[in-house]
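Visitor: my questions are about this predicted structure, shown below with the sequence.
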Amino acid sequence: MYLDAAKKQEIFSKYGKSNTDTGSPEAQIALFSYRIAHLTEHLKLNKKDYTTSRSLTKLVGKRRALLSYLQDRDIERYRAIVKALGLRR
């Protein structure tokens, strides 16, 4: 499996407040970004996988909603996560 528990813990500890912090917007955005990158690579090889394409679109929407939420609430945290993940928006 591409996303095991150890990888999740690594993402949460790097971008969240701790390795058990799974609910902060930064941790969720980082996890969604990892999953989006994985699905994008999958779709490069499997162009007709429409189910994965729809899942990717939904994940991008969820990440965008979280980024908008974070931008409205705390602009400094928003700028920090965008810079850390290398997102362009």
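Guide: Happy to help now that I have it.

Visitor: what's the longest helix in the chain?
Guide: Across the chain, the longest stretch assigned as helix under DSSP state H is helix 50-73.

Visitor: and after that helix, which helix or strand comes next?
Guide: Using DSSP states H and E, the helix or strand that follows helix 50-73 in sequence is helix 75-85.

Visitor: next, the buried residues of that next one.
Guide: By neighbour count on 16 or more other Cβ atoms under 10 Å, the buried set for helix 75-85 is 78, 81-82, 85. Every residue, glycine included, has its C-beta placed from N, CA and C.

Visitor: which of these lies closest to residue 33?
Guide: Of all these, residue 33 sits closest to residue 85, with 5.2 Å by Cβ to Cβ.

Visitor: quick one: that closest one from residue 67, how far?
Guide: Using Cβ to Cβ, to the nearest Å, residue 85 is found at 10 Å from residue 67.

Visitor: now do residue 43
Guide: 22 Å.

Visitor: more neighbours: those two, which one.
Guide: residue 67 (19 against 16; other Cβ atoms under 10 Å).

Visitor: OK, contacts around that one?
Guide: Shown in contact with residue 67 (Cβ atoms under 8 Å, 6 or more residues apart in numbering): 29, 78, 81-82, 87, 89.

Visitor: now swap in residue 63 and tell me
Guide: Contacts of residue 63 by Cβ under 8 Å, 6+ apart are 29, 32-33, 36.

Visitor: could I get the contacts of residue 67 as JSON lines with distance to residue 5?
Guide: As requested, the contacts of residue 67 are exported to JSON lines (distance: Cβ to Cβ, whole Å):
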{"residue": "29", "distance to residue 5": "19"}
{"residue": "78", "distance to residue 5": "28"}
{"residue": "81", "distance to residue 5": "23"}
{"residue": "82", "distance to residue 5": "27"}
{"residue": "87", "distance to residue 5": "25"}
{"residue": "89", "distance to residue 5": "30"}
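
Visitor: before we move on, the earlier item: which of the contacts of residue 63 fall within helices?
Guide: 29, 32-33, 36.

Visitor: show me what counts as buried in stretch 1-21.
Guide: Buried residues in stretch 1-21 (16+ other Cβ under 10 Å): 11-12, 15-16.
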